[in-house]
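Visitor: let's see this in three dimensions:
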Amino acid sequence: MDLKGAKELLPEGNGEAMNMNEPGVDLSIDGVVATVLLDRPDVRNAQHPAMWAAIAEFLESLPAEVRVVVVRGAGGTFSAGLDLSLVDPSQTEVAGSLVSTLARSDQEVIDLIGEYQRPFAALADPRFISIAVVEGYAIGAGFQMALACDLRIMADDAWVCMKEPALGLVPDLAGTKPLVDAVGYSRALEICATARRVGAAEAELIGLAQSVLPAAEMDSALTDLVGSLVAHDATAVRRTHELLAAASSRSLDEQRLAERTAQVGRLRAVLGR
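Guide: Alright, predicted model coming up:
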């Protein structure tokens, strides 16, 4: 993926790249763009707690100049979801085994899942705009990671699926709210309760995907999108992001007040120069 064109749009990018290899995930920063690459192609980028911890720490410590976070999977697949060894009763010795956690109290398990939710919550931080690049498929935890991002672009042959109910479980990685926000309550319920596949064309139609295109064009489309997102004043975009992110939880009067309040700082910064 070549994002140098996008990086060059902002002079504050330092032009240096930083990479961190963690278990199953490659984390990097190149100028104003950070990338989270789920990197377990041999198991279709199935996720485990060590990956979540690494991603959370990375996102929570991003430098202020980062404006865009890209999340994608290696090998042409976004993510097959949770590593099934974690729910296998015969593999309780596996690090992060969910079967082993059942020996803990309910509150301890709730707290543990709260830790697992950290990277999903961090992707919604309005300090940056997050983009999920969905190729192949995004199932369960993979779908929820894509949902955690602000924007989703999908290959035209890709699909998503909220598999948890079919396994007797519930989606618990912060995916239910963004799904409802994107497609509405009734459609979200139908997608989850049936655990069906949602193809790229439908995803675009119902608001899950902002763009659908052939897999061969994904990199160039991503570069163009990132370039557009970083082309304008960083603070203005962040304040607008904050306003939009909070809009659904506010009344109209509360949102109008938030707009006025945010604008004061922008007017002083722009017209007071």
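Visitor: would you put the C-alpha positions of the helix ranked longest in the chain in CSV?
Guide: Ranked by residue count under DSSP state H, the longest helix found in the chain is helix 252-271. Written as CSV, here are the backbone C-alpha positions of helix 252-271 (Å, rounded to 0.1, in the frame of the first residue of the first chain):
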residue,chain,number,x,y,z
LEU,A,252,-31.1,19.1,19.0
ASP,A,253,-30.6,21.9,21.4
GLU,A,254,-27.5,20.2,23.0
GLN,A,255,-26.0,19.6,19.5
ARG,A,256,-26.6,23.2,18.5
LEU,A,257,-24.9,24.4,21.6
ALA,A,258,-21.9,22.1,20.9
GLU,A,259,-21.7,23.5,17.4
ARG,A,260,-21.6,27.0,18.7
THR,A,261,-19.1,26.3,21.3
ALA,A,262,-16.7,24.5,18.9
GLN,A,263,-17.0,27.3,16.4
VAL,A,264,-15.8,29.9,18.8
GLY,A,265,-12.3,28.3,18.9
ARG,A,266,-12.3,27.9,15.2
LEU,A,267,-13.2,31.5,14.5
ARG,A,268,-10.5,32.8,16.9
ALA,A,269,-8.0,30.5,15.2
VAL,A,270,-8.9,31.3,11.7
LEU,A,271,-10.0,35.0,11.7
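Visitor: ok, now which ones touch the residue nearest the centre of the chain?
Guide: Closest to where the C-alpha atoms of the chain average out (CA atoms, centre = their mean) is residue 149, at 3.0 Å. Applying CB atoms under 8 Å, 6 or more residues apart in numbering, one finds that residue 149 lies in contact with 69, 71, 123, 130-132. No exception for glycine: its C-beta is placed from N, CA and C like everyone else's.
Visitor: mind checking how far it is from residue 62?
Guide: Here the distance between residue 149 and residue 62 works out to 15 Å (CB to CB, to the nearest Å).
Visitor: now do the strands in this protein.
Guide: Using DSSP state E, the strands found in the chain span residues 17-22, 25-30, 33-38, 68-73, 129-134, 137-139, 151-155, 159-161, 198-199, 211-213.
Visitor: distance from the last one to the middle of the chain?
Guide: In other words, strand 211-213. What separates the centre of strand 211-213 from the centre of its chain is 17 Å, taken as CA atoms, centre = their mean, to the nearest Å.
Visitor: buried set for stretch 181-193?
Guide: By 16 or more other CB atoms under 10 Å, the buried positions in stretch 181-193 come out as 182-183, 187-188, 191-192.
Visitor: and the pLDDT for residue 11?
Guide: With respect to pLDDT, residue 11 scores 31.
Visitor: should've said residue 233
Guide: Here, the pLDDT recorded for residue 233 equals 96.
Visitor: how far away is it from residue 67?
Guide: Residue 233 is 11 Å from residue 67, by CB to CB.
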